[in-house]
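Engineer: sequence first, then the predicted structure, then my questions.
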There are 2 protein chains.
Amino acid sequence: MTSLTGDGIPFEKPEFERRISLVKQEMERRGIDTLLISEPSNVYYLTGYEGWSFYVFQMLVVHRDLDEPIWVGRMMDVTSARRMTYLSEDSLQPYTDDYVQSAEREPVDFLVMRLKELCPTLNAIGVEMGAYYYSAHTHARLVAALPQAQFVNAELLINWIRIRKSAAEIAIMREAGKISDAIIGDAVAAARPGMRECDLAAVVYQRMIAGTPEHGGVYTTSPPFLCVGERSAEPHAPWSDRTIGNDIPVNLETSGCRRRYHSPISRTIFLGTPSDSYRHLADAVVEGIETALAEVRPGVTCADVERAWQTTIARHGLHKEARLGYAIGIGFPPTWGERTASLRSSDMTVLEPGMAFHMMPGLWLGDVGVTITQSFVVTETGREDLTSYPRELVVKP
Amino acid sequence: MTSLTGDGIPFEKPEFERRISLVKQEMERRGIDTLLISEPSNVYYLTGYEGWSFYVFQMLVVHRDLDEPIWVGRMMDVTSARRMTYLSEDSLQPYTDDYVQSAEREPVDFLVMRLKELCPTLNAIGVEMGAYYYSAHTHARLVAALPQAQFVNAELLINWIRIRKSAAEIAIMREAGKISDAIIGDAVAAARPGMRECDLAAVVYQRMIAGTPEHGGVYTTSPPFLCVGERSAEPHAPWSDRTIGNDIPVNLETSGCRRRYHSPISRTIFLGTPSDSYRHLADAVVEGIETALAEVRPGVTCADVERAWQTTIARHGLHKEARLGYAIGIGFPPTWGERTASLRSSDMTVLEPGMAFHMMPGLWLGDVGVTITQSFVVTETGREDLTSYPRELVVKP
């Protein structure tokens, strides 16, 4: 398996077969004969299909008794499906363009027609009820068109299988991590008071997409979050045209992406001279993340890891309300979060080799914050970091 | 109104009041007392809120009897909502982080609680059934929690109001168009055989985000579509690490974005010497788009405009199956399409001043294609082009 070209089918056939086998086992366990998959990450996981076509209707169908999944999508995207996936021609079921955003025809009706033709049974249909691209409309229409079938919520069924990464996946995540390191390096070199925020964001994008000489980049699920000065209290606001001031922190959260796999990273770049209290805050973040990372190994829970962080920062009189991190891997917009385990006090998920997380501690003092994060994968004995940029406050005097 | 900083509230208060008044009129006409808005573009249209937070649960509530909409979103994003919108503190209703991607708590239940507290009536609730971020799960949970209420599909209710742009909106779309022109200029200058596809994509992103000296850019809804050589038959495939060959077309579809408004553009850059048949194809596209654009004025239908295109290319023995274009304006991922009118034979929408479209003709001969597009707004007497890059095949010998 090579991901060198960043093109074509991303994994060997046995890797896909193993994945489908795991999905079918879980379907069997839940009594599902037909699984409808709308989440682009899950479609990609089972087939390799990665077109930016999820803004129109598409669905992957896994049936208990069929060897291959069935791809249902737009006619103009079937050439991509043919090249990107191992699926045979019979498993590619495109609908014509007069179905697209039309008042007259509904692609979901096309899906129903194909389901009836191609699936040996339609008894218990698993659907991803809370997935981003499974709309209330699609669900209502399916239920009305298939009154004999029982509908079962299978949201996150595949995500929880995805949580354990194979060696091939981890190899790709390392490539993504190298791009993440390069982005931070470029941003640190470029950031200076007086430049427009958008010009710093452009530096980030340039490296994110160009990648490294060995591994080109591709679009990520989300824009970089570039929180400058007082806007560091706004984690999801876009940058602006304003010029960057002096003696302020610039919080940058971003990720390299490689074959849809993300290894995110955040760093704070302080322009000027931080105050003593701000430096103290940064020291607490560093101490907290080091302690929490040291806790990571198979057998401990997500809650254990989070507790190590909270205990450490509590000694500094600090507390963080939001979760400490989340599982990562394949991502399509709008998020690179896998939506499985979270590093939080209520999450009893036991860490296993191959699970990958973005630990993202951040602390705020009034309006200014520090964020220093680490993406890692759990190994047999502990963890492997997916990025290597030093875990410290970056100060540019 | 100035959008110079690309920051803060994007429109004056009367503009928002006019929009809300139009929405309430339409609610009245349909008998809806409570409108739940999940589509980020529609939330932005009514409030100015533009955080990248739609990957978690959020909803805007417009009630017939309440002056202001109510924003329901994540606690960590309320600071953004406070800065970006005109909403008063009572209209900001954030939920805490233990609701986020949690097995224990559901933000939709938080919404239900607030609806019961804050809305004078909950008789007929309008919801966006097919919107990207209105999941089947959310709908099922709402219906179960509010059994007395009637649920009405109000998908696209606001989109169809958005279709007529104000002068303030058109001014922003002109800024976006200037960025689009600059992107194509940079891409044409940089494209050469032997460079990696990802490095050309990085040039596009750099300009998209840096924008122009007058107007900084911001992330678009979609990545640039960079379809190189044989991949020009795959409109939505990502670029790769491969080097670009010689004597091939590079089809680039992209957009500048300004305050979430897009003015997209596509051009084909031919590297090397095109064949006579390929030049003929390009000539047909140019003749077709000029004829169709000349048709644009208030009173004609979308179908009329498309017919002018089809008639022209038919004289060259050509036909295009996909629609010729779509309405544009505000966009959040995954698409900058407004999802209202399309330039296609079945769309009888009558053009009015303020409507904006991306006309995107493309023609294919076997595996290679030509695409030359134009974003425009309908004026009192005809149209105004939102980009000014020449409508012709770009050849770099």
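Structural biologist: Done, it's in. Numbering: from 1, shown residues only, chains lettered A, B, ... in the order given.

Engineer: the helix or strand where A:L46 lies - contacts with which helices or strands?
Structural biologist: Remark: A:L46 resides in helix A:40-47, with elements defined by DSSP states H and E. Helix A:40-47 sits against helix A:13-30, strand A:59-63, helix A:157-162, strand A:325-332, with contacts defined as 3 or more Cβ pairs under 8 Å, 6 or more residues apart in numbering or on different chains; DSSP states H and E. C-beta coordinates here come from the backbone N, C-alpha and C atoms, glycine included.

Engineer: can you name every helix or strand that the first one contacts?
Structural biologist: What it means is helix A:13-30. Counting contacts by 3+ Cβ pairs under 8 Å, 6+ apart, helix A:13-30 is packed against helix A:40-47, strand A:59-63, strand A:124-127, helix A:157-162.

Engineer: now render these as a markdown table, adding mean pLDDT.
Structural biologist: Formatted as a markdown table, the entries for these read as follows, by pLDDT from 0 to 100:
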| stretch | mean pLDDT |
| --- | --- |
| helix A:40-47 | 98 |
| strand A:59-63 | 98 |
| strand A:124-127 | 98 |
| helix A:157-162 | 98 |
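
Engineer: could you dump these into a markdown table with mean neighbour count added?
Structural biologist: Supplementary listing: these in a markdown table, determined by neighbours: other Cβ atoms under 10 Å in any protein chain shown:
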| stretch | mean neighbour count |
| --- | --- |
| helix A:40-47 | 25 |
| strand A:59-63 | 24 |
| strand A:124-127 | 23 |
| helix A:157-162 | 21 |
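
Engineer: I'd like those as JSON lines, with distance to A:I313 appended.
Structural biologist: Putting those into JSON lines (distance: least, Cβ to Cβ, whole Å) gives the following:
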{"stretch": "helix A:40-47", "distance to A:I313": "32"}
{"stretch": "strand A:59-63", "distance to A:I313": "43"}
{"stretch": "strand A:124-127", "distance to A:I313": "41"}
{"stretch": "helix A:157-162", "distance to A:I313": "30"}
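
Engineer: wait, which of the ones you listed is closest to B:A294?
Structural biologist: Relative to B:A294, the nearest member of the helices and strands packed on helix A:13-30 by Cβ to Cβ is helix A:40-47, separated by 39.5 Å.

Engineer: could you check the angle helix A:13-30 makes with the closest one?
Structural biologist: What separates the directions of helix A:40-47 and helix A:13-30 is an angle of 120 degrees, with axes from the mean of the first three to the mean of the last three Cα atoms, to 10 degrees.

Engineer: okay, the angle between helix A:40-47 and strand A:325-332?
Structural biologist: Between helix A:40-47 and strand A:325-332, the angle comes out at 70 degrees (the same axes, to 10 degrees).

Engineer: export helix A:40-47 as CSV, just CAs?
Structural biologist: Once non-C-alpha atoms are left out, helix A:40-47 reads as follows in CSV (Å, rounded to 0.1, in the frame of the first residue of the first chain):
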residue,chain,number,x,y,z
PRO,A,40,-19.2,10.6,3.5
SER,A,41,-16.5,9.4,5.9
ASN,A,42,-18.2,6.0,6.2
VAL,A,43,-18.8,5.8,2.4
TYR,A,44,-15.1,6.5,1.9
TYR,A,45,-14.1,4.0,4.6
LEU,A,46,-15.9,1.1,2.9
THR,A,47,-15.2,2.0,-0.8
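
Engineer: who's in contact with that helix?
Structural biologist: Contact with helix A:40-47 is made by A:16, A:19-20, A:23, A:37, A:49-50, A:54, A:58, A:60, A:62, A:69, A:71, A:81, A:84-87, A:128, A:133, A:158-159, A:162, A:260, A:329-332, A:338, as judged by Cβ atoms under 8 Å, 6 or more residues apart in numbering or on different chains.

Engineer: list only buried entries from these.
Structural biologist: Applying a neighbour-count criterion of 16 or more other Cβ atoms under 10 Å in any protein chain shown, the buried members of these are A:16, A:19-20, A:23, A:37, A:49-50, A:54, A:58, A:60, A:62, A:69, A:71, A:81, A:84-85, A:87, A:128, A:133, A:158-159, A:162, A:260, A:329-332, A:338.
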